[in-house]
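Trainee: after the sequence you'll find the predicted model.
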Amino acid sequence: MKKILSGNEAIARGAYEYGVTIATGYPGTPSSEILENVAQYKEIYSEWSINEKVAADAAAGACYAGKRCITTMKQVGMNVASEVFMYTVYTGVKGGLVFIVADDPGMFSSQNEQDNRNYARLAKMPMFEPADSQDAKDMVGAALELSEEWDVPVLLRTVMRVAHSATPVELGERNWDDEAPTPPLLRNPQKLVATAAWAVKRRPMIEQRVKDLVAVSDASPFNKLMWGDRKLGIIASGPVYFYAREVFPNASFLKIGMSYPLPEGLIRELSEGVDELLIIEELDPFIEDRVKAMGIKCRGKEIFPPYGELLTSVIESCCAEVGLYPKEKIQSGREVIPANIPGRSPVLCAGCPHRSTFFNLSKHKKTVVAGDIGCYNLGALAPFNATDTMGAMGASVGVAHGFDIAKIPDPFVAVLGDSTFFHSGVSPLLNIVHNNGNSTVVILDNHSTAMTGHQDNPGLNYMLGGDVARKIDIANLCRACGVENVVNVDAFNVKAVEKAFDEAIAFDGPSVVIVDGPCFFVGEGAKGVYTVDTDTCIACGTCFRLGCPAIIQAPEINAKNNRHKSAIDPVLCVGCDICAQTCPVNAIHKVEEA
Ligand SMILES: Cc1ncc(C[n+]2csc(CCOP(=O)(O)OP(=O)(O)O)c2C)c(N)n1
């Protein structure tokens with residue numbers, strides 16, 4: 001039976017069909033739906049772990065116990081998990097272990113555009129790259145088998161277009177003995193303890209394995225040499241293969257699906273059979289560098305940019321520039337976003353509990369804000385313009401400590417969310433305490449990992465799949481880290497939030513303010529609708545500084561300052577009351593129900 005599945009759904013299906021019994025991960029676009037779909041297969045234990053490294057360690061442990069495991073992450077999550085594949089390449093596996101990472105060429109939802117194929121080379125770990133959903137499902141099976149046969153973790157690297165596009169997939173059944181008991185762990189410290197004295201003995205094997213795997217790559221059904229016109233040969237991997245095929249339907253192609261190590265025999269065969277060889281790949285010259293190192297003449301990054309997606313339109317115009325494609329054939333209208341659409345800045349949702357924090361921080365222009373990754377990243381944008389730094393998850397707490405030890409003259413705070421705190425905020429908080437630091441850490445506890453789709457985290461009493469979980473109290477955790485000044489404040493009380501910030505910043509020693517209030521989408525729903533009394537409104541603009549999408553311009557103008565008065569869109573308002581609390585003339589009030 002065939003079904004149309006997204007790449008992420010297809011990977012989940014592959015995990016089901018090919019006997020995966022443990023699946024771990026940490027959410028992040030464009031990878032999150034993999035685990036959410038895996039969770040629907042009751043034969044597979046799945047969990048959102050607290051971060052990618054913990055998820056990958058857990059998968060490593062389970063694979064040592066003989067289970068087939070996958071661990072999923074977004075592209076920057078690979079950095080967090082990197083310790084784990086660097087050591088599992090040495091220890092090997094028992095059950096198959098597949099690291100699944102979704103890269104983000106074009107940076108649709110990421111702070112950088114790293115090309116994680118480089119990690120395969122760095123770790124010397126085999127890698128597959130699906131071009132569509134069928135590939136994605138099949139490669140889960142192939143990667144697990146390769147992992148077990150070669151005693152090595154395998155990387156399955158997708159990109160956003162594969163993760164989120166839906167194409168037909170042939171479905172199979174799960175052929176796995178789920179009732180078989182887990183045998184005792186096979187003790188083998190010389191292999192599983194990656195201490196220098198033992199690991200160094202395995203080092204030459206790792207090099208040899210990569211050399212031997214070249215033959216496997218050459219024989220892989222995922223590496224396909226397809227002869228066409230001998231004037232032009234193209235090597236492409238992932239979805240770029242389809243884009244390139246569309247531009248050059250008659251060329252000879254090597255479609256690469258197993259991309260580390262590369263199929264050197266097939267590459268040589270193609271290069272010897274064509275007049276000109278092009279490497280069309282998104283981001284880094286990963287294939288090109290290897291092909292050139294093999295002494296083969298080819299062109300790649302001298303024609304195509306090393307950033308962004310290489311969609312059909314980009315390939316056409318780049319090739320037209322160097323005379324490889326007729327300029328007059330370039331098809332207009334293929335742009336993803338037509339140039340004449342005005343840009344719109346994203347804003348916090350109506351009813352967002354983060355609003356009171358950024359409204360207050362934006363009033364205190366002197367306060368430096370070390371920001372973090374979550375919905376609250378919008379605090380960096382208008383109308384708040386409050387956040388000064390943001391680099392990676394959990395970085396806010398360490399960066400604030402850096403401000404402290406550098407003795408910056410202005411007050412400062414770190415701001416991060418509950419999921420981010422659990423992910424990588426706890427250890428830098430311990431670091432502040434241990435090193436006699438004097439920073440204020442603001443934890444925006446919206447009872448959710450909201451930005452990536454409301455996944456669970458240790459502050460919540462449920463797990464992926466719905467089972468009841470032990471709930472960690474963030475305030476007690478901070479106290480256990482040694483922070484004496486920990487306060488909880490209601491996120492929907494603007495004045496109380498301001499007071500808590502002022503007191504925490506003034507406090508001599510580390511302090512934590514937990515701004516507590518549920519994300520609207522996990523809370524109890526709308527609390528009513530508010531309205532603006534146009535006669536009372538003085539058009540001061542204070543409510544616009546809340547950046548609430550429900551607050552709009554009224555047609556009426558205040559003649560004194562010639563500015564539009566405010567109004568509230570009743571469809572968007574959820575009754576959080578924040579605008580009413582901040583209006584200096586009390587012009588905003590709740591619409592009483594009839
Ligand atoms: C290393 C890494 N993993 C995953 C992500 C994807 N990601 C961005 S924000 C976020 C979680 C945000 O949750 P939280 O801190 O609770 O803030 P909220 O969005 O709920 O306000 C995640 C998982 C990332 N950017 N970096």
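Mentor: Yep, it's here.
Trainee: so where do the strands sit in the stretch 201-350 of the chain?
Mentor: Using DSSP state E, counting those that start in this stretch, the strands of the stretch 201-350 of the chain run over 224-226, 229-237, 251-256, 258-260, 276-280.
Trainee: buried deepest among those, which one?
Mentor: Compared across these, strand 258-260 shows the largest average neighbour count, a mean of 27 (mean count of other C-beta atoms under 10 Å). C-beta coordinates here come from the backbone N, C-alpha and C atoms, glycine included.
Trainee: what does that one rub up against?
Mentor: With C-beta atoms under 8 Å, 6 or more residues apart in numbering as the test, strand 258-260 has contacts from 117, 120-121, 125-129, 142, 155, 157, 216-217, 220, 222-223, 237, 286-287.
Trainee: distance of Val76 from Ala12?
Mentor: Distance from Val76 to Ala12, counting by C-beta to C-beta, to the nearest Å: 22 Å.
Trainee: which one of the two has more residues nearby?
Mentor: Ala12 (30 against 21; other C-beta atoms under 10 Å).
Trainee: nearest residue to that one other than its sequence neighbours?
Mentor: Leaving aside its chain neighbours, Ala12 sits nearest to Asn37 (3.4 Å; criterion: C-beta to C-beta, 6 or more residues apart in numbering).
Trainee: before we move on, what about Asp229?
Mentor: Distances taken as C-beta to C-beta, 6+ apart place Asn250 nearest to Asp229, at 4.6 Å, with adjacent residues excluded.
Trainee: make sure the one you found is actually in contact with Gly228.
Mentor: Yes. Counting by C-beta atoms under 8 Å, Asn250 does reach Gly228; the two are 4.9 Å apart.
Trainee: hmm, back to that, which one of the strands of the stretch 201-350 of the chain lies nearest to the ligand?
Mentor: Minimum separation from the ligand across those (C-beta to the nearest ligand atom) falls at strand 258-260, 22.3 Å.
Trainee: list the strands paired with that closest one, with their directions.
Mentor: strand 127-128 (antiparallel) (DSSP bridges).
Trainee: Asn250 and Gly228: who's more crowded?
Mentor: For the pair Asn250 and Gly228, the greater number of neighbours falls to Gly228 (16 against 10), based on other C-beta under 10 Å.
Trainee: mind listing what Thr182 touches?
Mentor: 65-67.
Trainee: show me which of those residues is closest to the ligand.
Mentor: Within the contacts of Thr182, proximity to the ligand (C-beta to the nearest ligand atom) peaks at Lys67, which comes in at 24.1 Å.
Trainee: how near is that closest one to Val93?
Mentor: For Lys67, the distance to Val93 under the criterion C-beta to C-beta works out to 10 Å.
Trainee: of these two, who's got more company?
Mentor: Using other C-beta under 10 Å as the criterion, Lys67 and Val93 rank with Val93 on top: 26 against 21.
Trainee: quick one: Ala10 and Ser133 touch, right?
Mentor: Yes. The pair Ala10 / Ser133 is scored as a contact, 3.8 Å apart, by C-beta under 8 Å.
Trainee: for those two, list the residues in contact with both.
Mentor: Val169.
Trainee: the two: which has the busier surroundings?
Mentor: Ala10 (32 against 27).
Trainee: residue numbers of the stretch 401-550 of the chain in contact with the ligand?
Mentor: Neighbours of the ligand within the stretch 401-550 of the chain, by C-beta under 6 Å from any ligand atom: 417-420, 444, 446, 448-452.
Trainee: buried among the residues you listed? Make that a PyMOL selection.
Mentor: Remark: buried members of those, expressed as a PyMOL selection using 16 or more other C-beta atoms under 10 Å:
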select buried, resi 417+418+419+420+444+446+448+449+450+451+452
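Trainee: with the residues of the stretch 401-550 of the chain next to the ligand in mind, which one is nearest to Gly295?
Mentor: Using C-beta to C-beta, Thr452 comes nearest to Gly295 of these, at 44.7 Å.
Trainee: A helix includes the closest one, no?
Mentor: No. Counting by DSSP: H, G, I helix; E, B strand; the rest coil, Thr452 falls outside a helix, being coil.
Trainee: hang on, isn't it packed against Pro30?
Mentor: No. Contact criterion C-beta under 8 Å: Thr452 and Pro30 do not qualify, at 10.1 Å.
Trainee: remind me which residues of this protein are low pLDDT?
Mentor: Counting by pLDDT under 70, the chain contains low-confidence ranges at 332-338, 594.
Trainee: domain ranges for it?
Mentor: Listed by automatic domain parsing, the domain ranges of the chain are 2-216, 224-329, 355-516, 530-590.
Trainee: could you save those domains as a markdown table and add columns showing distance to Pro342?
Mentor: Shown next, in a markdown table, are the domains of the chain (distance: least, C-beta to C-beta, whole Å):
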| stretch | distance to Pro342 |
| --- | --- |
| domain 2-216 | 19 |
| domain 224-329 | 21 |
| domain 355-516 | 15 |
| domain 530-590 | 16 |
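Trainee: list the contacts for the residue of the stretch 201-350 of the chain found nearest the ligand?
Mentor: Closest residue of the stretch 201-350 of the chain to the ligand, C-beta to the nearest ligand atom: Leu348 (9.2 Å). By C-beta under 8 Å, 6+ apart, the contact list for Leu348 reads 354-355, 358, 375, 378, 547-548.
Trainee: try it again with 7 Å
Mentor: Residues near Leu348 by C-beta atoms under 7 Å, 6 or more residues apart in numbering: 354-355, 375, 378, 547.
Trainee: can you redo those residues as TSV with neighbour count and secondary structure?
Mentor: Formatted as TSV, the contacts of Leu348 follow (neighbours: other C-beta atoms under 10 Å; DSSP: H, G, I helix; E, B strand; the rest coil):
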residue	neighbour count	secondary structure
His354	25	coil
Arg355	29	helix
Cys375	21	helix
Leu378	23	helix
Gly547	22	coil
